[in-house]
Structures are given as structure tokens and as C-alpha cells.
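Visitor: predicted structure and sequence below. I'll ask about it afterward.
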Amino acid sequence: MADPPNELKQFLARYDEAIRSLTLGLRAIVLQELAPCHEYIFEMRSKVVLLCGASERVISDGICSIGVFRRHVTLTFVEGIDLDDPGQLLRGTGKTMRHVRVASAAELDRRELREFLRQARALAGLSPRRGNAPGEVTTRVKPRSTPKPAARSVLRE
């Protein structure tokens, strides 16, 4: 698997080493299970988001996303309501989305994570992975937006 893009490393610089490592570990698992796929990385308010989809239209054709928070990372499934979850690991009360909270490196070894990803892959209409050969991942990164200048107040006399 290719190294993460430098922009992602820059986005993650504000997090502690454990969260950076957790994010990159989870990203590797997601890309191993979903590739060939498309990935879109951006900052949103106080978190970093990595969207993965079946086509370059990752927002409308999204399969899952990784949300990076200060103390944990979430793996969210767009059609999570349709995933088989006998261990009831998936959380959320929305119409379709469900997520798994990952707070430690040991949790990356859960077999359920890969199983959820395989199910989500099938729900998205992608054929099952064959062998261990890495699939192609097309990554796009939304550049950091420059802060808008503060509005000047106008005093009227």
C-alpha cells in the first residue's frame, strides 16, 4: 500500500501520535478491503474526514468514511442499517448510517471491521476482492481553506 498523501499527514499533525497511528491503520484496512476505490480527504470543522466510494463521486456513491476526533476514530457506513451485525457493534440511530468507534490500536484487529467492509463493498455493487493483490486507489484531497478575514464593523455617527 502506498504511503498516505502528505496533505493527510499535515491534516493529522494536530492530533497526538496514537490517533494519527490509529487513523492510518484504519485507513489501510479500509483501502485493503475496498480497493479499487476512490478516496476523498478533507477537513470539516474540528475533524478530518476520509470518504471512500465506488466511483469518483464519493459523496453520492459513498461506501464508508473515517472520522478523526481528538480521542477516537469512527468508521461510518453509509448503508450501515443493512449490514449484518450479530455482535451489535454498530451504533447510530439515523435512517441508514451506522458507525463503529475505534479508540485503540488493539481494536483494529477486530474481524468484524473487515466483515462490515466486505458487506458494504457488496452492497455498493462492487465485486468481491480476489487474492491479496492491492487494488488501485484514487485519492483526492481538498486543500485547506484559508481563513476568511474578520468582518469589519462600521461605526456610524
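Guide: Looks like it came in fine.

Visitor: please, where are all the strands along this protein?
Guide: 37-44, 47-53, 62-68, 73-77, 98-102, 137-141 (DSSP state E).

Visitor: residues in contact with the residue sitting nearest the centre point of the chain?
Guide: The residue lying closest to the centre of the chain (C-alpha atoms, centre = their mean) is I66, at 2.1 Å. By C-beta atoms under 8 Å, 6 or more residues apart in numbering, I66 lies in contact with 23, 26-27, 30, 49-50, 52, 73-76. In short, each C-beta sits where N, CA and C put it, glycine included.

Visitor: where in the chain is pLDDT low?
Guide: 1-2, 130-134, 145-157 (pLDDT under 70).

Visitor: against which helices or strands is the longest helix seen in the chain packed?
Guide: Criterion DSSP state H: the longest helix present in the chain is helix 17-34. Counting contacts by 3 or more C-beta pairs under 8 Å, 6 or more residues apart in numbering; DSSP states H and E, helix 17-34 packs against helix 6-12, strand 47-53, strand 62-68, strand 73-77, helix 111-123.

Visitor: C-alpha coordinates for the fourth one, CSV please?
Guide: In CSV, the C-alpha atoms belonging to strand 73-77 read as follows (Å, rounded to 0.1, in the frame of the first residue of the first chain):
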residue,chain,number,x,y,z
VAL,A,73,-11.7,7.5,15.2
THR,A,74,-15.1,6.4,13.7
LEU,A,75,-15.7,4.1,10.8
THR,A,76,-19.1,5.1,9.4
PHE,A,77,-21.1,3.0,6.9
